[in-house]
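Participant: Predicted model and sequence follow; I will ask about them next.
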Amino acid sequence: MLPWMDAHCHLTSRFHPEPLPGVLASLHEAGCQGFILGGVDPLDWQEQLDIPASPLRMIYGFGMHPWSVQAREDAQLEEDFKTLETMLPKAGALGECGVDFFRCKSEDERQKQSHWFERQLELAAAQNKPLILHIVRAHHEALRLMKPYAGRLTGMVHSFWANHQTAQSWLDLGFYLSVPPRIMKLDNHGLLQYVPQDRILFESDSPEVFENGSASDPRLALDVMKHVAWTQCIPVDRILEQQNQNLFRLFPSLNDIHKSL
């Protein structure tokens, strides 16, 4: 079986209480070659830089997550943004950023999220960084804000779960769609049949906590890809190779490990 990668997870000490060297060694033994990290705030960005060295390759993602935006005052967010401007050259992507209208209900809260999302879009364009997007029940707003950047920005919509029309709108903008582990239970949107193989990604969103209280790790991304291979009667190596190719294309700094894969 080919080495595999996780298109989206969180592996800083905040999210993994067990010692990270052991976590990374275990993942490497399981065939993991690398992962794409999503960042949520300045402390998380620094913790990504502090992840101990290992054979695993990673894309750092530094972004102001919409949950963090909602929880912080504007003065603090201005400081966070200045820090992001300074630290972003060390990252391979800007994210997670986006809008989450499930978490916020008032118009003022929604405008606040949209404002800081737009600020980050401007920064991603200025520094030529792909985006890692967190969009929940707000695709209409996110797509509206993205339109001025059509052809200038690309990235991935993580944990994508929406209908064909919404999927096509993101594909038309040049984005990749990363489907969550729930696809193993039900593909009620028909994403596996609709999204082209060269634009779909598979993620663990580790350490997502399930209803039974257990938390996932990046190996769940491999389980998702095995499930997809089984349901579509495709060799699992083909799914793994396509995932690798898609990630190399989207995140150019991964290309230096292509030969080792």
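Facilitator: Nice, I can see it. Numbering: from 1, shown residues only.
Participant: hey, let's count contacts and neighbours off CA atoms from now on
Facilitator: Fine.
Participant: Can you check my assumption that residue 177 lies in a strand?
Facilitator: Yes. Assigned with DSSP: H, G, I helix; E, B strand; the rest coil, residue 177 falls within a strand.
Participant: so it bridges to which residues?
Facilitator: In this entry, residue 177 is beta-bridged to residue 157, residue 200, by DSSP bridges.
Participant: tally of neighbours for it?
Facilitator: 26 (other CA atoms under 10 Å).
Participant: now do residue 123
Facilitator: 17.
Participant: let's have the chain start at 9 instead
Facilitator: From this message on, residue numbering opens at 9, which makes the last subject residue 131.
Participant: Tell me who's in contact with it.
Facilitator: Residue 131 makes contact with residue 93, according to CA atoms under 8 Å, 6 or more residues apart in numbering.
Participant: Can you name the helix or strand that it falls in?
Facilitator: Using DSSP states H and E, residue 131 sits in helix 115-135.
Participant: Buried residues, that helix. List them.
Facilitator: Within helix 115-135, the residues that qualify as buried are 117-118, 120-126, 128-129, 131-133, counting by 16 or more other CA atoms under 10 Å.
Participant: Need the CA coordinates for that helix. PDB is fine.
Facilitator: The C-alpha trace of helix 115-135 is given here as PDB (Å, rounded to 0.1, in the frame of the first residue of the first chain):
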ATOM      1  CA  GLU A 115     -26.400  39.900  12.300                       C
ATOM      2  CA  ASP A 116     -23.700  41.700  14.200                       C
ATOM      3  CA  GLU A 117     -21.800  38.400  14.800                       C
ATOM      4  CA  ARG A 118     -22.200  37.400  11.200                       C
ATOM      5  CA  GLN A 119     -20.900  40.700  10.000                       C
ATOM      6  CA  LYS A 120     -17.900  40.400  12.300                       C
ATOM      7  CA  GLN A 121     -17.000  36.900  11.000                       C
ATOM      8  CA  SER A 122     -17.400  38.200   7.400                       C
ATOM      9  CA  HIS A 123     -15.200  41.200   8.000                       C
ATOM     10  CA  TRP A 124     -12.300  39.100   9.400                       C
ATOM     11  CA  PHE A 125     -12.700  36.500   6.700                       C
ATOM     12  CA  GLU A 126     -12.400  39.200   4.000                       C
ATOM     13  CA  ARG A 127      -9.300  40.600   5.700                       C
ATOM     14  CA  GLN A 128      -7.700  37.200   5.500                       C
ATOM     15  CA  LEU A 129      -8.600  36.800   1.900                       C
ATOM     16  CA  GLU A 130      -6.800  40.000   1.200                       C
ATOM     17  CA  LEU A 131      -3.700  38.700   3.100                       C
ATOM     18  CA  ALA A 132      -3.800  35.300   1.300                       C
ATOM     19  CA  ALA A 133      -3.800  37.100  -2.100                       C
ATOM     20  CA  ALA A 134      -1.000  39.400  -1.100                       C
ATOM     21  CA  GLN A 135       1.200  36.500   0.200                       C
END
